[in-house]
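Peer 1: Let's see this in three dimensions:
(one chain, ligands or ions: 1)
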Amino acid sequence: MAFKFWFCVGSQDLYGEECLKKVADHSRIMVNELNESGVLPYELVLKPTLITNEVIRKTFDEASTDPECMGVICWMHTFSPAKSWILGLKELSKPLLHLHTQFNEEIPYDTIDMDFMNENQSAHGDREFGHIVTRMGIERKVIMGHYKDPEVQKRIADWMVTAVGIGSSSHVRIVRIADNMRNVAVTEGDKVEAQIKFGWEIDAYPVNEAVDYVNSVSDSDVKDLTALYFDLYKPLYEGRDKDEFYRHTAVQAKIELGLEKFLVDNKYDGIVTHFGDLGGFKQLPGLAIQRLMEKGYGFGAEGDWKTAALVRLFKLMTKDIKGAKGTSFMEDYTYNLVKGKEGILQAHMLEVCPTIADGDINIKVCPLSMGNREDPARLVFTAKEGKGVAASLIDLGTRFRLIINEVECKKTEKPMPKLPVATAFWTPKPNLRVGAEGWIICGGAHHTAFSYDLTSEQLCDWAEAMGIEAVVIGEGTTIGGLKSELRWNSAYYERR
Ligand code: MN
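Peer 2: Predicted coordinates for the structure are as follows:
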């Protein structure tokens, strides 16, 4: 399904047919220009100018029920009395962007007269519209600026991605083939509340039902996929026997094919495993999970369904972004505390998504230090440089909190040849000390959903739409400010 966004322009008939014709002409030019900019990930569809209660209500009703429509963009070209919008807005169930823009960029100093002013008065009309949206308590995004400004276009594009996240959240379905790791707190949570708040369906299956799928994969399919692995990735034998290395890699191919069929047949788009609850699996799913994440599935380790759902949500949000740099399940592992070179080494036992890889991807077969299965094959690489966000969703007992850290991904100073896992290395904003202290004060987990392609603004807007608290640790964050914000947020969210 190709997602679309509706462009709804408000006006009224007070200024006559000629004025309304210009409004329609301007709107068409703007929508064409925005669609042709190449910046927007989804198509804008222009709706007939909205001038009466009836048309507004009908248009918003249609937007609410059209499965292709992921959001509505409103702009008041002229003054549109806002009581006309109340009934329509009450029925609008899609994300709303109020684009506060204008057709002309510059005041036409030499020719401007009262007719021009009456025709081009969004500075006036958009305030009337904004007032009623605020009075009705409707969540919306406001973006101000000329529609041709690349920065404005980029912000519209980002909001579209957020709107897709809002609309897609209730389609996330995660299967747990293992429970939460014993005694671990931060990965636990209220699955009923998660379904109410986010629309996530979180179900459990006995691990061996997934294993049955794996065992029924044909040898020829395993052979073909293993051959593809050896085409795509370079094996690093490191003294291991080549036949044994092949056999261990083929086990992961069999797991990938079996798990994918299990997910497709049962309509899940994310999965949770646990190294301590592997049933009939020969190896902890490693390379297999990495490949499934690359295909867009969500993943959480040690039973962490919250992060699995968040990874899946990020995958859905970023799938139509041109030149996306990648999204992965991630874990804070160990620090570099050397002054001027501070950062957190990110990895997991095995399960890091190859979409974030920079350069070559290798296969390694190594022992796990935990669990009791044969040495699993895994993909090993380092991650791209650049800005990203790491997010953790925690359950505070009475409500959820989304914690977002803006991070700068870097190369480690030296290679780590003995480390048998894929890694990223990042310095949190505003710096390692405040980033880590702030994260801990917020109660953030060691597991995160990480993406290069999303921003803290987008994740905050998503959280707002879900009705949960979001806290950003980024440039400008101070511990004192953060603590105050958490106290205010408690007062706000606990009263609901
Ligand atoms: Mn973990």
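Peer 1: Now do the residue of the stretch 251-400 of the chain found nearest the ion, the pLDDT please.
Peer 2: Using Cβ to the ion, the closest approach of the stretch 251-400 of the chain to the ion is made by A301 at 4.4 Å. All C-beta spots, glycine's among them, are computed from the backbone N, C-alpha and C. A301 carries a pLDDT value of 97.
Peer 1: The spatially most central residue of the chain is in what secondary structure piece?
Peer 2: Taking Cα atoms, centre = their mean as the criterion, F314 is the residue nearest the geometric centre of the chain, at 2.6 Å. F314 belongs to helix 305-318 when assigned by DSSP states H and E.
Peer 1: Restrict that helix to CA atoms and write it as PDB.
Peer 2: Extracted C-alpha coordinates of helix 305-318, given in PDB (Å, rounded to 0.1, in the frame of the first residue of the first chain):
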ATOM      1  CA  TRP A 305       9.500  -7.400  23.900                       C
ATOM      2  CA  LYS A 306       9.400  -3.600  24.500                       C
ATOM      3  CA  THR A 307      12.700  -3.000  22.600                       C
ATOM      4  CA  ALA A 308      11.600  -5.600  19.900                       C
ATOM      5  CA  ALA A 309       8.500  -3.600  19.300                       C
ATOM      6  CA  LEU A 310      10.400  -0.300  19.200                       C
ATOM      7  CA  VAL A 311      12.900  -1.700  16.700                       C
ATOM      8  CA  ARG A 312      10.000  -2.900  14.500                       C
ATOM      9  CA  LEU A 313       8.400   0.500  14.800                       C
ATOM     10  CA  PHE A 314      11.600   2.200  13.800                       C
ATOM     11  CA  LYS A 315      12.000  -0.200  10.800                       C
ATOM     12  CA  LEU A 316       8.400   0.700   9.700                       C
ATOM     13  CA  MET A 317       9.100   4.400  10.100                       C
ATOM     14  CA  THR A 318      12.400   4.400   8.100                       C
END
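Peer 1: so after it, what's the next helix or strand?
Peer 2: As assigned by DSSP H and E, the chain's next helix or strand after helix 305-318 is strand 327-336.
Peer 1: Report the inter-axis angle for that next one versus helix 305-318.
Peer 2: Orientation check (axes from the mean of the first three to the mean of the last three Cα atoms, to 10 degrees): strand 327-336 against helix 305-318 gives 120 degrees.
Peer 1: Could you number the chain from 6 rather than 1 from now on?
Peer 2: Got it, the first residue is 6 from now on, which makes the last one we talked about strand 332-341.
Peer 1: How about the helix or strand just after strand 332-341 and the ion, any contact?
Peer 2: The helix or strand immediately downstream of strand 332-341 is strand 348-352, counting by DSSP H and E. No. Residues of strand 348-352 contacting the ion under Cβ under 5 Å from the ion: none, with a closest distance of 9.6 Å.
Peer 1: which other helices and strands contact strand 348-352?
Peer 2: Other helices and strands packing on strand 348-352, by 3 or more Cβ pairs under 8 Å, 6 or more residues apart in numbering; DSSP states H and E, are strand 332-341, strand 429-433, helix 437-447.
Peer 1: Which strands and helices lie in contact with the helix holding F319?
Peer 2: Against helix 310-323 (3+ Cβ pairs under 8 Å, 6+ apart) you get helix 155-173, strand 178-181, helix 196-203, strand 275-277, strand 303-305, strand 332-341, strand 391-400, strand 452-456.
Peer 1: re earlier: please report the distance of the residue of the stretch 256-405 of the chain closest to the ion from I445.
Peer 2: Distance of A306 to I445, given as Cβ to Cβ, to the nearest Å: 21 Å.
Peer 1: on that earlier part again, ok, the residue nearest to the centre of the chain touching T460?
Peer 2: No. In this structure, F319 is not within contact of T460 by Cβ atoms under 8 Å, at 11.8 Å.
Peer 1: So for stretch 355-374, mean pLDDT?
Peer 2: The average pLDDT for stretch 355-374 rounds to 95.
Peer 1: Neighbour count for A306 and I445, which is higher?
Peer 2: Higher neighbour count among A306 and I445: A306, with 24 against 9, using other Cβ atoms under 10 Å.
Peer 1: from memory that one sits against V357, does it?
Peer 2: No. Here A306 lies out of contact with V357, judged by Cβ under 8 Å, at a distance of 10.4 Å.
Peer 1: Now do the shared contacts for the two.
Peer 2: Overlap of the contact sets of A306 and V357 (by Cβ atoms under 8 Å, 6 or more residues apart in numbering) consists of F334.
Peer 1: who are the neighbours in contact with the residue of the stretch 256-405 of the chain closest to the ion?
Peer 2: A306 makes contact with 277-280, 334, 336, 353-354, 356, 452 under the criterion Cβ under 8 Å, 6+ apart.
Peer 1: For T339, name its beta-bridge partners.
Peer 2: Residues in a beta bridge with T339, per DSSP bridges, are L350.
Peer 1: from the chain's centre, how far out does the helix holding F319 sit?
Peer 2: 6 Å (Cα atoms, centre = their mean, to the nearest Å).
Peer 1: before we move on, what about stretch 170-186?
Peer 2: That offset, for stretch 170-186, works out to 13 Å (Cα atoms, centre = their mean).
Peer 1: Now do the buried residues in it.
Peer 2: Using 16 or more other Cβ atoms under 10 Å as the test for burial, stretch 170-186 gives 170-174, 177-186.
Peer 1: so does it get close to the ion?
Peer 2: No. Using Cβ under 5 Å from the ion, stretch 170-186 stays clear of the ion, with a minimum separation of 8.0 Å.
Peer 1: What of stretch 338-345?
Peer 2: No. Using Cβ under 5 Å from the ion, stretch 338-345 stays clear of the ion, with a minimum separation of 9.1 Å.
Peer 1: May I have the distance across that stretch, first residue to last?
Peer 2: Its start and end residues considered, stretch 338-345 measures 19 Å (Cα to Cα, to the nearest Å).
Peer 1: Enumerate every residue touching F304.
Peer 2: By Cβ under 8 Å, 6+ apart, the contact list for F304 reads 275-278, 294, 297-298, 313, 316, 334, 356, 358.
Peer 1: Kindly write the PyMOL command that selects the buried subset of those.
Peer 2: The buried subset of those, as determined by 16+ other Cβ under 10 Å, is captured in PyMOL by this line:
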select buried, resi 275+276+277+278+294+297+298+313+316+334+356+358
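Peer 1: re the thing from before, can you tell me how far the residue of the stretch 256-405 of the chain closest to the ion sits from H279?
Peer 2: Counting by Cβ to Cβ, the gap from A306 to H279 is 7 Å.
Peer 1: Repeat that for M298.
Peer 2: Where H279 is concerned, M298 sits at a distance of 17 Å (Cβ to Cβ).
Peer 1: before we move on, what about P240?
Peer 2: According to Cβ to Cβ, P240 stands 28 Å off from H279.
Peer 1: who's more crowded, the two?
Peer 2: Neighbour count, other Cβ under 10 Å: between P240 and H279, H279 has more, with 23 against 17.
Peer 1: Not counting residues beside it along the chain, what's closest to that one?
Peer 2: Leaving aside its chain neighbours, H279 sits nearest to A183 (3.4 Å; criterion: Cβ to Cβ, 6 or more residues apart in numbering).
Peer 1: Who are the contact partners of the one you found?
Peer 2: Contacts for A183 (Cβ under 8 Å, 6+ apart) come out as 212, 277-279, 281-283, 307-308.
Peer 1: want to throw the residues you listed into CSV with distance to K423 and secondary structure?
Peer 2: As requested, these are exported to CSV (distance: Cβ to Cβ, whole Å; DSSP: H, G, I helix; E, B strand; the rest coil):
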residue, distance to K423, secondary structure
V212, 31, helix
V277, 29, strand
T278, 25, coil
H279, 26, coil
G281, 25, coil
D282, 29, coil
L283, 26, coil
E307, 24, coil
G308, 29, coil
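Peer 1: Many thanks, I have nothing further to ask.
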